[in-house]
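K.L.:
got a sequence here, can you build the structure:
(2 chains)
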Amino acid sequence: MRECVLKAEHLTKTVDGPAGPLTIVHEVSLEVAAGETLAVTGPSGAGKSTLLALLAGLDLPSSGRVLLAGEDLSALDEDGRARVRARHVGFVFQAFHLVPALTALENVALPLELTRQRGARATALAALEHVGLAARAAHYPRQLSGGEQQRVALARAFVARPEVLFADEPTGNLDSLTGANIIERLFGLNREAGTTLVLVTHDPQLAARCARTVCMDAGRMI
Amino acid sequence: MMRTVRFALRMLSREWRSGELGVLLLALTVAVGALTGVGFLVSRIRAAVTLQASSVLAADLRVDSAQPIDPAVFAAAERDGLRSARSIGMLSVVFAAQRSQLTDLYAVTDGYPLRGEILTATAPFAPGTAARGIPPSGVVWADSRLLTSLGARPGARLTIGAATFTVGRVLISRPDQAGTFSGLVPSLLMNAADLARTQLIEPGSRVHYSALFAGSARRVAALRAWLGTHLRTGERLRTIAEASRQIHSAMQRSERFLNLASLTAVLLCAAAVALAARRYVARHLDSVALLKTLGATRPFILGMTLAQLLAIALLTGAAGDALGALTQLWLVHALRGMLAARALPAPGLAPAGIGVLLAFALLVGFALPPLLQLTRTPALRVLRRDLDPPRAGVWLAFGPAAALLVLLIRWVMGPGRPFVMLTLGLAAFVLALLGAALLLVALANRLRGRVGVAWRYGIANLARRRMDSVVQIVAFGTGIMALSLLGIIRSDLTGGWRRTLPADLPNYFFINIPAERRTAFAAALRTLGARPQRMLPLLRGRLRAIDGRPVESIHFANPRARHFALREQNFTDSAVLGDGNRVIAGRWWSADETGQPLVSVASEYMRWLDLRLGEPLTFEVGGNTLTVRIASVRHVRWDSFKPNFFLVFAPGVLRKETGTYVTSAYLTARQARDLAALARRFPSVSIFDIDALLQDVRSMLTKAILAVESVFLFTLCAGLIVLLAAVHSSREQRRFESAMLRALGASRATVAQGIWAEFAALGALSGLIGAAGASAGAWYLTRYVLHLPYVFDPLAGLAALFGGTLLVAMSGWLATRSVLRQPPLTVLREGAD
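P.N.:
Okay, the predicted model is just below:
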């Protein structure tokens, strides 16, 4: 049995809605082993993205806890959780989330610079080369197509060699052909790096590429 | 720490390259440039005006005494690196052949005058030219009246005490005689080296000694401070400020205006920086959320933000300083022909330092609070874009800005009531703007159904961008108010000055007119072609007691007040309130009160001697003692160039047979030539030619008006640029929306009309409240700070209203019209920022 890198115990997230308290994630428990690929699927509003935010420490559960790389995220403050993310986590988002003021190369170098690693630019350039965008290193996000932007986001996600990669609908903003291309690269990079992948999607085909799938509906894991 | 700073600078330079910082940098640079440009120019013009004013003293600073001045004073001046000269004045009889005349002898040392010029001529009452140096040993320069009464011409021999001298030239004027009536007799200028030969100074002689000093402002201030603690009894310090009330009063007004102009520039900067910071924050929410997701901690983001702020302040401070210096150089170059021949003194470096400090202060007050909020952006925003940072408390959001504004107003206005009133007025104005803006936004929702599609889009925008609209109305309203307020008081100020010095202002004063010959003298003046002003009695006397307490026994905190209370004073009486006089307490007497023991006192006199309305004062006039009650307090415009008095008695109180009369008249150069004959016919009358002084003051006021006009223009331009920058702050959002509308089928014209509608509504409301605020502010500032009469000008109000609407609509249109040029697809692909 491989080591468990991510563990959720009885996660519940309740928010105040106009009609009273609303539970978005209800008593979810799961374990993800190092190197495993997990898809979280379900219809819109099922609570997939909220679960992802809780697992990555972007949000805190109302009850329950998350252990990421051995650290109890619930016991940490916002800065503590940020440090855990810097050391262990990478992200790919549906909306790419590149910094508009930075070039492709600078966007990729960002996680390395934040963790104060030497040779950030050279490493970032190598990562860009890996996704076939070395020639676009000096371009700003607005000068890149959607597919190219998501490739830059992939390079940024893998450049710091994270233990866990969270991906939130990574092909949601792309056409099917470009989306397929991105998926190939995502899984290719994941294989090479041996990263644990937690992927949120409502696309059954994409989910099928993962070793394990969990399905959510109305905040519960079914 | 260093890594954070390096990272911050790297991010900053990347943002700079991508153009993200453009608006913030431009707004700050223009702001600092405007302030330092004004600051540099003000400092130079202030120095030039001071230089000219100092010619009235013949020095920057002088010490007067009835005893020889303490040599320690000269030693201190030498130590401070100041130039110095001495003058010794006394009354003595001067003889020429068979005639003699009591004369005011004025002996001076080399270097005199340290400021200003001696004017001499070759014939009495002729136009003077600037003399080089002082009379050489053995030579005197006698004034026109002395030569006329002695029947002498240049080249004649005059006997003064035990020595004989040759008349070299005719003394037309010397700087330190102008505007004062201390000497009631003709005057003569001689070399101080010759004084011993006359053997006039003996124990008990009434001699007036002066020490004159000039040098850089810093050195003068050092000597002044030293003198503050080292002056001996009887020694009196005289500075430029008190040298001439006329010039001082004009100077104070121009300084106050220029200060207000600087303050306006600062207000505009503040509005622009606040708007630019809002835009910066709005555009960086996603980036900060992403950085946090990637592992950046809040202290890291805070450190990065502060380092960037510091770098921006330094950068814009330096760039703004350079811009300010260049602007001021250009201004001075452009004004060169119009300013006096003498080059303006070099500007001080103070404005440069203040510029950098201001950039820091503006960023800390107006940009730091929103930037601190930026660091609180939740990381979760990467998944939920609707998540904003938690709202800041009111104190954090507005506290630093309000504190900074109060400090700035205090710094520019100095302490006192105007500072308090201006601060309260500004606070009330901003609150009124806020209230009106919220009302407009609420009304906009109701209006939208009743107007066409373009207007609906524009008006709807107002309601939808609720907080943005409110902030913009406050910024525009403040800008319009500040600019039109400055516009109104600028015309009041320059108009007031021009009215002060009409071309036919009396340029000759006649003193010592015997009571019994005053009608004959007035007739003689009319024969010359001159129109004499009203004749006022002039009596000299002393204050003896205040409310029954002898003046000698009263302790005055201010040594100047003591001197003032004890010295001999000029009095007059009058049934009517003179021009340039305004009763500010009590009331002017009626015709029935003729002969009542009443006196009207100038406000300065009341303040210095700490007097109260209704208090009895006892005077000794012409051997009689009389006690009168203070019936009214007058504000006197000393710069009106009319005979004015600290003390005016009710008619019938003074026994005028013991006094003389005074009048003034305007004489052309041709008419003035016949004054010699007049002087011979009325030998006791002293004639004072203040033409030279008037010319000086006119030239100085022209400079001050020019400064006011140019500074106003500069502030206006700065204001326009800042307004444009402010409009630019919402450009990105409009860009996306207009693309969206066009993609949905709206024509360019429809979108353009919508933009016009939105900005016209913003501008109309800002203009309306701005105009009202400007009128109220102008009323207060004109009346209570600049001490000029305020006349409400409806045209100025309308100009502010319509000008403001047009200005905001135009600048909004100019800043956003490029939005319409871009293909909708490109914009929509990039997404909304």
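K.L.:
where does B:Ala545 sit: helix, strand or coil?
P.N.:
strand (DSSP: H, G, I helix; E, B strand; the rest coil).
K.L.:
count of residues packed around it?
P.N.:
18 (other C-beta atoms under 10 Å in any protein chain shown). Every C-beta, even on glycine, is put in place using the N, C-alpha and C of the backbone.
K.L.:
look up how far B:Val599 lies from the residue lying closest to it once chain neighbours are set aside.
P.N.:
Leaving aside its chain neighbours, B:Ala545 sits nearest to B:Thr618 (3.9 Å; criterion: C-beta to C-beta, 6 or more residues apart in numbering or on different chains). To B:Val599, B:Thr618 is 11 Å away according to C-beta to C-beta, to the nearest Å.
K.L.:
contacting residues for the most centrally placed residue in chain A?
P.N.:
Most central in chain A under C-alpha atoms, centre = their mean is A:Phe166, positioned 1.9 Å from the mean C-alpha point. Taking C-beta atoms under 8 Å, 6 or more residues apart in numbering or on different chains as the contact definition, A:Phe166 lies against A:Leu52, A:Leu55, A:Ala56, A:Val89, A:Gly90, A:Phe91, A:Val92, A:Val198, A:Leu199, A:Val200.
K.L.:
turn those residues into a markdown table, including distance to chain B, secondary structure and neighbour count.
P.N.:
Formatted as a markdown table, the contacts of A:Phe166 follow (distance: C-beta to the nearest C-beta, whole Å; DSSP: H, G, I helix; E, B strand; the rest coil; neighbours: other C-beta atoms under 10 Å in any protein chain shown):
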| residue | distance to chain B | secondary structure | neighbour count |
| --- | --- | --- | --- |
| A:Leu52 | 7 | helix | 21 |
| A:Leu55 | 12 | helix | 27 |
| A:Ala56 | 8 | coil | 28 |
| A:Val89 | 8 | strand | 30 |
| A:Gly90 | 8 | strand | 27 |
| A:Phe91 | 6 | strand | 25 |
| A:Val92 | 11 | strand | 23 |
| A:Val198 | 13 | strand | 25 |
| A:Leu199 | 14 | strand | 28 |
| A:Val200 | 9 | strand | 28 |
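K.L.:
which one of the residues you listed is nearest B:Gln671?
P.N.:
Using C-beta to C-beta, A:Phe91 is the member of the contacts of A:Phe166 that lies nearest B:Gln671, at 94.1 Å.
K.L.:
list the beta-bridge partners for the closest residue to that closest one other than its chain neighbours.
P.N.:
In this structure, A:Phe91 finds its nearest non-sequential neighbour in A:Phe166, 5.3 Å apart by C-beta to C-beta, 6+ apart. Beta-bridge pairing for A:Phe166 (DSSP bridges): A:Phe91, A:Val198.
K.L.:
which residues of chain B lie near chain A?
P.N.:
For chain B, the residues in contact with chain A (C-beta under 8 Å from any C-beta of the partner chain) are B:3, B:7, B:10-11, B:14-15, B:18, B:20, B:286-287, B:290-300, B:378-380, B:382-385, B:830, B:833.
K.L.:
rewinding a little: compare B:Thr618 and B:Val599 and say which is more crowded by neighbours.
P.N.:
B:Val599 (23 against 18).
K.L.:
list the residues that contact the closest residue to chain B within chain A.
P.N.:
Nearest to chain B in chain A, going by C-beta to the nearest C-beta, is A:Ala86, at a distance of 2.3 Å. If you count contacts by C-beta under 8 Å, 6+ apart, A:Ala86 has them with A:Pro111, A:Leu114, A:Thr115, A:Ala160, B:Leu294, B:Gly295, B:Ala296.
K.L.:
now it: closest residue in space, sequence neighbours ignored.
P.N.:
Among residues not flanking A:Ala86 along the chain, B:Gly295 sits closest, at 2.3 Å (C-beta to C-beta, 6+ apart).
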